[in-house]
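S.K.: please work out how this folds:
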Amino acid sequence: MRDGLVVLHRSVGCCLCGTGDLLLPNLLRRNAYGRVLPAGRKLSPGRRERLRGLGRRMPWTMAAFVIGGFSLIGVPLTAGFISKWYLVLGTMEANQTAMLFVLLGSSLLNAAYFLPIVYKAFFCTPEESMFEDKVQEAPLWCVVPLVITAIVSIGLFFYPDLFRTLAEIAVGVK
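M.R.: Down below sits the predicted model:
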């Protein structure tokens with residue numbers, strides 16, 4: 001996905017959003033997919049169906065997963081929204097309608113992947129849950145980095161100038 005974003009940046013001439021959108025997806029992917037690692041310590045890897053009820057048993061891990069997923073989708077109040085916003089503005093300024101649909105399609109595909117996981121993890125009855133009482137939150141050393149990344153994702157929505165300043169320095173804009 002990162003290589004596709006590089007091509008998109010070059011095709012729309014969007015230099016200032018490049019740094020943020022190259023770094024953010026990597027941060028967000030680590031945040032979202034990093035949730036699977038602590039969960040994998042407690043249960044065997046498998047289908048999304050196996051995550052039914054995991055949000056009640058591992059609330060911190062799954063909450064961070066939700067934030068990472070929302071950020072990859074581009075939901076407001078997450079850093080992913082800022083990078084998608086700049087990419088959409090760049091495609092519109094360059095009259096790249098096809099690329100605009102690619103961006104929107106990317107968000108829809110991310111939503112189609114993450115939202116069913118969130119629904120199954122949090123919104124099921126206790127009887128439908130796939131987990132018994134012995135499954136609990138992952139160890140602190142697994143959960144703390146994931147929660148920190150989720151907090152950074154939300155923080156970068158409110159303070160996106162960090163990446164913008166780095167991008168301006170990189171391209172020599174004053």
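S.K.: so where is this protein shaky, pLDDT-wise?
M.R.: Residues of the chain that meet the criterion pLDDT under 70 lie in 1-50, 131-134, 174.
S.K.: ok, residue 87 touching residue 106?
M.R.: No. At 9.4 Å, residue 87 and residue 106 do not qualify as touching, with contact defined as Cβ atoms under 8 Å. Backbone N, C-alpha and C define where each C-beta goes, glycine included.
S.K.: next SSE after the longest helix along the chain?
M.R.: The single longest helix within the chain, with elements called by DSSP state H, is helix 97-122. Per DSSP states H and E, the first helix or strand lying C-terminal to helix 97-122 is helix 140-158.
S.K.: who's more crowded, residue 87 and residue 106?
M.R.: residue 87 (25 against 19; other Cβ atoms under 10 Å).
S.K.: quick check: the gap between the more buried one and residue 80.
M.R.: In this view, residue 87 and residue 80 are 10 Å apart by Cβ to Cβ, to the nearest Å.
S.K.: just checking, what packs against the longest helix of the chain?
M.R.: With contacts taken as 3 or more Cβ pairs under 8 Å, 6 or more residues apart in numbering; DSSP states H and E, helix 97-122 sits against helix 2-12, helix 54-57, helix 59-73, helix 79-93.
S.K.: select, out of these, the one closest to residue 161.
M.R.: helix 79-93 (10.1 Å; Cβ to Cβ).
S.K.: for the closest one, list every residue counted as buried.
M.R.: Neighbour-count burial for helix 79-93 flags 79-84, 86-88, 90-91 (criterion: 16 or more other Cβ atoms under 10 Å).
S.K.: any idea how far the residue lying closest to residue 136 once chain neighbours are set aside is from residue 83?
M.R.: Closest residue to residue 136 apart from its sequence neighbours, by Cβ to Cβ, 6 or more residues apart in numbering: residue 57 at 6.3 Å. Distance, residue 57 to residue 83, using Cβ to Cβ: 32 Å.
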